[in-house]
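[1] Sequence below, structure please.
(3 chains)
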Amino acid sequence: MLNWRSQRVRASFYQIALIGVLIGLVGWLLHNTLGNMRMRGIQSGFDFLLEPAGFDIGESMLSFTAAQTYGQAFLVGLLNTLRVSCIAIVICTLWGAVLGIGRLSGNALARGLCYAYTELFRNIPLLLQLLMWYVVLVEWMPDTDAPLHFRDWVLLSKEGLTLPGFMSEGLTLTPEFLALTWGLTLYTSAFVAEVIRSGIQSVPLGQIEAALSIGLSPWQRLRLVVLPQALRLIVPPLTNQYLNAIKNSSLAVAIGYPDLVSISNTALNQTGRAVECIAIVMAVYLTLSLLIAGGMHYLNRRAALKER
Amino acid sequence: MQHYPNTLLPARQPPLKNISVAQWIKHNLWGTPTSAVTTVILLLCLLWSIPSLLEWAALHAVFSADADQCQVARDIGACWGVVTEKYRLILFGRYPFDAQWRPLLATAALASLLVMSCRPAFWNRFLAVAWMLVWLLFFVLMGGGKWFGIPTGLVYVATDQWGGLPLTMMLASLSITLAFPLAVLVALGRQSSMPAIRSVCVVYVELVRGVPLISVLFMASFMLPLLLPTGTSPDVLLRVLVGITLFSAAYTAEIVRGGLQAIPRGQVEAAYTLGLGYWQTQRQVVLPQALAHVVPSLMNNFIAIFKDTSLVTIVSLYELSGALGLAVSGDPNWRPFKLEAYLFITLIYFCICFAMSRYSLWVERQLTHR
Amino acid sequence: MTPNITFRRCIFSLVCMSALAIALPVWAGKTLDTVKQRDQVVCGVNTGLAGFSAADSQGKWSGLDVDVCRAVAAAVLGSADKVRYVPLSAQQRFTALQSGEVDVLSRNTTFTLTRDASLGLHQTAVTYYDGQGFLVSAKANIKSAKQLKGATVCVQAGTTTEKNLTDFSRTNKLDIKPVVFEKFDAANAAYFSGRCKAYTTDASGLASIRTKEAKNPKDHVILPELISKEPLGPMVRRGDDEWLAIVKWTVYGLIEAEEYGITSETVNALKNDSTDPVVLRLLGKSEDTGKLLGLDREWLARALLAVGNYGEIFEKNLGEKTPLGLKRGLNAQWNKGGLQYAIPIR
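    Presented below is the predicted three-dimensional model:
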């Protein structure tokens, strides 16, 4: 007999009630959406991914023409996002490590400057930083006809950083790419510095004293004793910061860099398929997050304390 | 046989308590060769950059709202005149010019409420009443028009004209306030022994944390009208608020969950032996301890949400950076001096965020001392 | 707390939630009824394009698209001031119209097949025949669009402009590099700061931008080539033929009024004194065309009194006496060498 006093019965009731309410809510939303779309003649489906895109993309790692499909346009967007994110992650780890360790150095000037840097860059919104770097790169750089140059190897102008002799084809980095990568790196490295600093500070003092007592130099102490132990505490929040960097790269849409969100916006506007385009973007970011979280989890387990 | 000296070893120097400036410099800046070299390099860098920066920002700068003077001083000095000229447009967005005392008063009321809520001395029942009254005052002042049929005597201003600093503060504080109860429920749900509730909460948190805020805002702004019944068209401000609230609730839920995990099982078991039910246990025993543990992370989260409100400019709600774009980009006389205007709102954001982080350090100290 | 109380609380909350779900209004209302009930027309306009829809610092809107909305409001509700303007970016405009946020989208939008057939929208009547052009700096010494080989061109996202630029670049093998911006003012700012060599949008938009946004309009040149056809006009949602008819015939009424010489000043005089049967029909004196649209007989007379005929609207917002200084050109009446051919109201 179903007895309300039994915890199992109550638990089943709550869960069934919750699932029922959720199914009802989702069903109602779907009903509305389908009704709205039918009434307005909006078409749906993912078949638009195979149709020609009809728009050019300003910069891409693959060669892209307007005759190629929407699916390929999304791929170009994804590659652009990854390009910015990977560069930002690599550089911010190194620079963040320098800043984090500098915060704990014996030199007061280095300590103060690192503290000022992290406080400054952590307390200003990233969008604002990107917009400012973009203004600097576009307003204050000279015109294309009279670029700043170092011999003929490096040219800097309003159209970006050009390296004509790079790999026989030349390489141009647009101001949008430069502003996004530079801004994202500086911003994320402030957070990485904090993570590394708190990781290093959490290594027990006894370890450092033991290292001192056997005569290790400060550099050896850092490399052999402190960092391996600190790494265990650093890796999870560091993963978080990497994921944040990837998600923050979506702000590219504000300064005109054709990343995934920006291209999906154009596709959304040209095809009218708001639901599908946004769903694709969310699915891609979720997959990236899960992949990186999974990878770091594996690294974490390898670095974990192997208890006897 | 051990040979002990028959004289006492000389006493060592006691640790320095009141060291002079010279000794401090020697210890902190010139201690080891590496330190000395670092000091020299950093000092050189500072000497190279700081004076020219000060010259640009203060010495040669133009403070009056004169576009021609600014143009003359273009690369030599900063043009703070753009701030003098456009500060009202930047701070209040597209709000009707002659009614701008209303957002000013509303923001001042909200800011003072938030500052008051920070002091423990004010934590009593009156604060709860004050919160409700100030929010009501805020919306009445900003919106005007008729409220439940009662005319307020103020001209109605539609929500798409609200902008600038009032909008930023309102979005940040309202979404944090609304997200917090939801976050606590989701965190508790994630700890629950009922698999359905647990999986729903896990899916919600992981889904929202895995996507950027921009796509949540786009979804709220483009898709919400499609999801609701035909003919209803929720206010654009409401849509954005829902998006930000759901987003921040997921992150806050993770932090609260971290705090809940730090509570020993013994506490819950002891509460049960006293006869407290589930909700009573959570409210009286578990949550106070859990939340006290994670206050620094919570404050960091709040700072992050405050900064994230700047993203609503991408869905065309003109908060500070959007209002700046409106004010300066459209005016050819002032467009070259956008950087100075950006530095102005950077200062505003920096002051508020820095104050919040100082406050969180203070709270952390209070809790550890207790 | 006994389990029975918990149980009762659960049932109570479930009932409340379901009541809430049911109580939310589900009305697939017709737009005309909604507009009349609200006593206001909600008009989607540009965030700020001088000559078409721009707000001054006091918040007063003016422009060709704005006047079309005012005419619709005057025709339907009796007063041209019963309009609420919702500024929309190029990205948001279609979803805003689809979702019901605005009643009519009067935002220099080009009529195309994709928009008519697949976005759930309908085009009404063309208010401005335009074409896409390029704006370059006078210093660049470029005389023709075909000289833009390999140039960077600033363009706004989500517009037909992007597609046309690509087509033009491919046809003429110019390898143009588009720099795409989400926002209109971002695209402008980038061009004027020198990021791109050229800026492209509809020629009327270029004239407007050059006048309002350039430090010295003479420093910029609009290249002679029009690389596409851009018929601009108001759009409405699909599924509401009544509202579509109202907006469409309001526009045709304004154009036909110019053809028959009815101006905002002469409306009342002509209503009483005219002998031309077409004029009397347009002004509702002889026949009640309004009844067929769901309005009253004075619908067009009110619209003309409020905003004037098409010629007056053009002269006031885009004409030679305004800073934009656009000639009638393709937008003259059909019997004066242009393309504006009002379908007769009868």
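[2] Residue A:101: what's it in contact with?
    Residues in contact with residue A:101, defined by Cβ atoms under 8 Å, 6 or more residues apart in numbering or on different chains, are A:196-197, A:200, A:222. For glycine as for every other residue, the C-beta is placed from the backbone atoms N, C-alpha and C.
[3] at 10 Å what do you get?
    By Cβ atoms under 10 Å, 6 or more residues apart in numbering or on different chains, the contact set of residue A:101 is A:110, A:114, A:193, A:196-197, A:200, A:222, A:226-227.
[4] can you pick the most crowded of those?
    When neighbours are counted by other Cβ atoms under 10 Å in any protein chain shown, residue A:196 leads the contacts of residue A:101 with 28 neighbours.
[5] Which residue, other than its chain neighbours, is closest to that residue?
    In space, and not counting its chain neighbours, residue A:196 is closest to residue A:100: 3.2 Å by Cβ to Cβ, 6 or more residues apart in numbering or on different chains.
[6] Helix or strand: which one has the one you found?
    helix A:70-102 (DSSP states H and E).
[7] Now the element after that helix, going C-ward?
    Using DSSP H and E, the helix or strand that follows helix A:70-102 in sequence is helix A:108-122.
[8] Show me the helices in the stretch 101-250 of chain B, by range?
    Remark: helices assigned in the stretch 101-250 of chain B by DSSP state H, counting those that start in this stretch are B:101-118, B:125-143, B:164-191, B:195-210, B:213-218, B:224-227, B:236-261.
[9] Only the buried residues of the third one, if you could.
    I take that to be helix B:164-191. Buried residues in helix B:164-191, counted by 16 or more other Cβ atoms under 10 Å in any protein chain shown: B:164-176, B:178-180, B:182-191.
[10] And the helices in the stretch 101-250 of chain C?
    For the stretch 101-250 of chain C, the helices defined by DSSP H, counting those that start in this stretch cover C:113-118, C:160-171, C:184-192, C:203-213, C:241-259.
[11] now for the ones you listed, which one comes closest to chain B?
    Closest approach to chain B among the helices of the stretch 101-250 of chain C is made by helix C:184-192 (3.8 Å; Cβ to the nearest Cβ).
[12] which stretches of chain A form strands?
    A:148-150, A:154-157, A:160-163, A:171-173 (DSSP state E).
[13] residues touching the residue nearest to residue A:196, list them.
    Neighbouring residues of residue A:100 by Cβ under 10 Å, 6+ apart: A:114, A:118, A:189-190, A:192-201, A:230, A:234.
[14] domain assignment for chain A?
    If you go by automatic domain parsing, the domain ranges for chain A are A:1-42, A:57-303.
[15] Tell me which of these is the most buried.
    The highest mean neighbour count among the domains of chain A, using mean count of other Cβ atoms under 10 Å in any protein chain shown, belongs to domain A:57-303: a mean of 19.
[16] What average pLDDT does that one get?
    Domain A:57-303 carries an average pLDDT of 88.
[17] show me what contacts residue B:300?
    Residues counted as contacts of residue B:300 (Cβ under 10 Å, 6+ apart) are A:122, A:191, A:194, B:251, B:255, B:294, B:356-357, B:360.
[18] From residue B:89, how far out is the residue of the stretch 51-200 of chain B found nearest chain C?
    Proximity of the stretch 51-200 of chain B to chain C (Cβ to the nearest Cβ) peaks at residue B:96, 5.6 Å away. Applying Cβ to Cβ, to the nearest Å, the value for residue B:96 to residue B:89 is 12 Å.
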